[in-house]
Structures are given as C-alpha cells and as structure tokens.
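Undergrad: next one to model:
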Amino acid sequence: MHCLCNVDRCIVSVMLLDALSRSEALQQCAAAVRVVGLEITVVVGIAFAAFAIGIVLTATLWFIYTRTGTTAV
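TA: Now for the predicted structure:
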C-alpha cells in the first residue's frame with residue numbers, strides 16, 4: 001500500500017483499511033508529511049533583529065528629541 005501525498009486523502013484511505021493495514025498506512029503517511037517553512041532558529045533570529053531595530057529607531061528618535069529641545073506652543 002502506498003500513501004498519497006495529500007494528507008487528507010491519506011487519512012481517509014487509512015480509515016477504510018483494517019486494523020493491521022491501518023497502522024502500516026499511518027506510518028507511511030507520517031513519513032510522507034513534510035513540514036514546509038522556516039526553522040525555529042530563523043524565526044527567533046528575525047524576531048530578535050526586528051526588536052533590536054525597533055530599539056535603535058526609538059533611541060534615535062529620543063536622541064533627536066532631547067538634542068533639539070521642545071518647541072513653544
């Protein structure tokens with residue numbers, strides 16, 4: 001028995017099998033599932049970089065504000 005690449009179809013086809021074939025088919029389906037995306041280290045790195053950029057930009061604005069003084073209204 002081969003597993004279809006579509007996970008939904010794979011699960012449906014597994015439900016129609018008997019108990020012994022079902023466990024084998026589930027193992028094949030689990031092997032056929034690919035996780036597509038970024039690794040967690042990349043995601044954490046991007047989030048940290050965005051946070052650091054935000055800190056730098058906020059500090060820059062604060063520095064400009066303190067050096068130019070307040071304006072009279």
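Undergrad: scan the protein for its longest helix.
TA: Criterion DSSP state H: the longest helix present in the chain is helix 40-68.
Undergrad: mean confidence for that helix?
TA: Throughout helix 40-68, pLDDT has a mean value of 96.
Undergrad: what residues sit buried inside it?
TA: If you call a residue buried by 16 or more other CB atoms under 10 Å, then helix 40-68 has no buried ones at all. Any C-beta I mention is one placed from the backbone N, CA and C, and that applies to glycine too.
Undergrad: using the three-state scheme, assign Val36.
TA: When the structure is split into helix, strand and coil by DSSP: H, G, I helix; E, B strand; the rest coil, Val36 lands in coil.
Undergrad: burial measure for it, as a count.
TA: Residues near Val36, counting by other CB atoms under 10 Å, number 4.
Undergrad: per-residue confidence at it?
TA: 79.
Undergrad: with Ala31 instead?
TA: 68.
Undergrad: CA atoms of stretch 57-64 as PDB?
TA: Provided in PDB are the C-alpha atoms of stretch 57-64 (Å, rounded to 0.1, in the frame of the first residue of the first chain):
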ATOM      1  CA  LEU A  57      15.000  53.600  16.000                       C
ATOM      2  CA  THR A  58      13.200  54.500  19.200                       C
ATOM      3  CA  ALA A  59      16.500  55.500  20.800                       C
ATOM      4  CA  THR A  60      17.300  57.600  17.700                       C
ATOM      5  CA  LEU A  61      14.100  59.500  17.900                       C
ATOM      6  CA  TRP A  62      14.600  60.100  21.600                       C
ATOM      7  CA  PHE A  63      18.100  61.400  21.000                       C
ATOM      8  CA  ILE A  64      16.900  63.800  18.300                       C
END
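Undergrad: what lies in contact with it?
TA: The set of residues external to stretch 57-64 that reach it, using CB atoms under 8 Å, 6 or more residues apart in numbering, is empty.
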